[in-house]
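Novice: I would like the atomic coordinates for the input below:
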Amino acid sequence: MIPGREYTSAEVLRAIFWTRRLVILATFAAVTTATVLVVRALPDRYRSETLILAVSQKVSPDFVRATVTSETVKARLPTISQQILSRSRLEQIISELNLYPELRARLPIEVVVARMQEDFDLTMVDGADSFRLSYESSSPVLAMEVTAKLAGLFIAENSRDRTVMAQEASSFLESQLEDARRRLVEQEKRLESYRLQYGPELPTRLQSNMQAIQTVQSQLQAVTETINRSRDRRLLIGRQLADLQSEEFLLEMGATANSSGQTNTTAGQLETARSELKLLEVRVTPVHPDLVRAKALVNELEARLKKETADKTLTPAEIVRRNKARELQASADSLDREIANLTTEQDELRKTIQTYQAHVEAVPSRESDLASITRDYDTLQTLYRTLLAKREDSKIAENLERRQVGEQFKILDPPRQAERPSWPNRRLFDLGGAVGGLLFGILLAALLEYFDKSLKVPADVAAVLNVPVMAMIPAIMSTAERRQARWRRVELSVGILMVFAICVAAAWLTLHR
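Specialist: Numbers count the residues shown, from 1 in each chain. Model (predicted):
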């Protein structure tokens with residue numbers, strides 16, 4: 001184009017599409033032909049796919065609750081895919097089905113595994129718990145076999161994972177249950193030991209302790225009243241016995257005054273000896289010789305007086321009086337023993353009351369300790385019962401997964417042998433090559449026209465020389481030049497026909513592929 005000259009859109013389009021039409025056609029033909037030839041030389045790739053549906057467990061969750069996490073298929077697929085597409089798994093499949101023999105011959109196994117991972121595709125189906133699994137290979141039969149193999153692995157891996165997770169859940173609950181059982185037994189022993197150690201002081205015994213205190217107090221009151229009555233009777237008997245002894249003593253004194261003087265002498269000596277003994281007991285120690293002699297003298301005189309009295313002849317009144325004195329003395333001795341026993345019983349009852357009162361006073365502190373122990377025991381018991389129920393549910397869920405009654409993968413559309421290659425799409429590639437060749441030809445024509453500085457019309461001369469054009473001399477051609485021009489037109493027509501033939505051939509190959 002001439003610098004400084006203004007072109008209209010019609011002039012630009014005419015210069016590109018008419019003046020450079022051969023360039024456009026040649027470029028279009030070359031690019032289209034090359035695309036057709038290259039696309040035809042590409043190897044065919046066949047894709048086989050299958051549709052897998054996640055079927056929920058056959059038993060209602062109201063009866064059996066699954067222990068496996070209820071994740072969606074979309075959330076579980078990445079984990080299962082990583083397990084299936086691991087290097088060890090893919091190496092085993094490549095070896096079993098003899099995949100990529102040429103690549104294995106010249107490349108490391110890691111590259112072959114990466115290539116197989118690229119040929120594998122996994123897509124979720126929108127709005128459903130299902131997914132499509134596909135594999136691409138140069139052989140349609142091999143693509144179908146690999147797809148079926150991978151689908152079986154997905155189903156088996158999902159079943160195995162759910163079974164393993166159910167077993168792990170059962171094992172975990174079993175260990176937790178055993179730990180809870182151990183802690184519960186320890187707490188039971190602690191509670192039993194505490195109750196055995198502080199049984200009477202526990203809050204549950206408060207009412208019985210209070211009743212026992214009332215009962216023992218009633219018994220103590222009755223014993224006290226019995227002691228008082230016995231003491232009163234003892235005093236009365238003592239008085240009667242003293243009166244009899246005084247009367248007997250007076251009678252004996254009168255009888256001895258009328259009889260021999262030996263008895264008076266003995267009684268007087270006894271009274272004198274007793275008086276001296278009492279004085280010595282106050283003045284000297286118990287082992288003093290005078291005190292010992294005084295005691296011996298008193299014993300001797302008492303024995304002599306008793307013998308003298310026994311030798312006397314008693315009257316019936318004296319016999320009756322002495323018998324009554326013996327009876328009163330026996331009653332007094334019995335009352336003394338009864339009072340001593342009742343006093344001992346009274347002391348024991350008082351100690352019993354003090355013991356029960358100590359139990360009652362210790363109730364608040366025992367209640368606090370027992371509340372803490374019981375609270376821990378109740379918590380552990382609730383935990384144990386909960387874990388026991390969960391363990392049983394886990395075992396049922398484990399059996400459910402083992403028998404494959406739980407959630408499973410099911411093939412809806414089994415893989416089929418592809419009838420047409422999935423790649424390359426030759427029609428699309430040929431169409432793209434044709435469109436690209438046309439656009440490239442137009443671009444090339446535009447560039448050639450842009451860089452062309454030749455003068456073709458009077459306006460170009462006026463723009464360059466800045467002078468008006470007065471006249472135009474037509475080209476004068478010789479015979480040879482006319483012949484050359486004729487041949488150029490023939491060549492142009494032949495080129496157009498060739499381009500048309502190439503386009504028709506490319507279209508035919510594309511449509512009949």
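
Novice: Show me the strands in this protein, by range?
Specialist: Under the criterion DSSP state E, the chain contains strands at 46-55, 120-124, 130-137, 408-413.

Novice: So which of these is nearest Met210?
Specialist: strand 408-413 (68.3 Å; CB to CB). Glycine gets a C-beta too; all of them are placed from N, C-alpha and C.

Novice: distance between that closest one and the chain's centre?
Specialist: With CA atoms, centre = their mean, to the nearest Å as the basis, strand 408-413 stands 33 Å off its chain's centre.

Novice: Check what contacts it and list those residues.
Specialist: Residues from elsewhere that reach strand 408-413 (CB atoms under 8 Å, 6 or more residues apart in numbering): 49-55, 130, 151, 154-155, 158-159.

Novice: so where is the stretch 51-200 of the chain shaky, pLDDT-wise?
Specialist: Under the criterion pLDDT under 70, the flagged ranges of the stretch 51-200 of the chain are 56-73, 127-128.

Novice: which stretches of the stretch 201-350 of the chain form helices?
Specialist: Assigned by DSSP state H, counting those that start in this stretch, the stretch 201-350 of the chain shows helices spanning 206-258, 261-283, 289-311, 316-361.

Novice: Can I get the contacts of strand 408-413 in JSON lines including neighbour count and distance to Glu338?
Specialist: Below are the contacts of strand 408-413 laid out as JSON lines (neighbours: other CB atoms under 10 Å; distance: CB to CB, whole Å):
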{"residue": "Glu49", "neighbour count": "20", "distance to Glu338": "112"}
{"residue": "Thr50", "neighbour count": "22", "distance to Glu338": "108"}
{"residue": "Leu51", "neighbour count": "18", "distance to Glu338": "107"}
{"residue": "Ile52", "neighbour count": "23", "distance to Glu338": "102"}
{"residue": "Leu53", "neighbour count": "16", "distance to Glu338": "101"}
{"residue": "Ala54", "neighbour count": "18", "distance to Glu338": "96"}
{"residue": "Val55", "neighbour count": "14", "distance to Glu338": "95"}
{"residue": "Ser130", "neighbour count": "18", "distance to Glu338": "102"}
{"residue": "Ala151", "neighbour count": "21", "distance to Glu338": "105"}
{"residue": "Phe154", "neighbour count": "22", "distance to Glu338": "101"}
{"residue": "Ile155", "neighbour count": "17", "distance to Glu338": "99"}
{"residue": "Asn158", "neighbour count": "22", "distance to Glu338": "94"}
{"residue": "Ser159", "neighbour count": "17", "distance to Glu338": "92"}
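
Novice: Count the neighbours of the closest residue to Arg420 other than its chain neighbours for me.
Specialist: Leaving aside its sequence neighbours, Arg420 sits nearest to Tyr46 (CB to CB, 6 or more residues apart in numbering; 8.0 Å). Residues near Tyr46, counting by other CB atoms under 10 Å, number 21.

Novice: I'd say Gly437 and Val31 touch.
Specialist: Yes: the criterion here is CB atoms under 8 Å, and Gly437 meets it with Val31 at 2.8 Å.

Novice: Show me what stretch 287-295 is in contact with.
Specialist: Looking at what lies outside stretch 287-295 - CB under 8 Å, 6+ apart - the contacts are 273, 276-277, 280-281, 284-285.

Novice: list the buried ones in that stretch?
Specialist: 291, 294 (16 or more other CB atoms under 10 Å).

Novice: quick one: average pLDDT of that stretch?
Specialist: Averaged across stretch 287-295, pLDDT comes to 76.

Novice: Can you dump the C-alpha atoms of it in PDB for me?
Specialist: Extracted C-alpha coordinates of stretch 287-295, given in PDB (Å, rounded to 0.1, in the frame of the first residue of the first chain):
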ATOM      1  CA  VAL A 287       2.800 -53.700 156.100                       C
ATOM      2  CA  HIS A 288       3.600 -52.300 159.500                       C
ATOM      3  CA  PRO A 289       4.100 -55.100 162.100                       C
ATOM      4  CA  ASP A 290       1.600 -53.500 164.600                       C
ATOM      5  CA  LEU A 291      -1.100 -53.400 161.900                       C
ATOM      6  CA  VAL A 292      -0.400 -57.000 161.000                       C
ATOM      7  CA  ARG A 293      -0.700 -58.100 164.700                       C
ATOM      8  CA  ALA A 294      -3.900 -56.000 165.100                       C
ATOM      9  CA  LYS A 295      -5.500 -57.700 162.100                       C
END
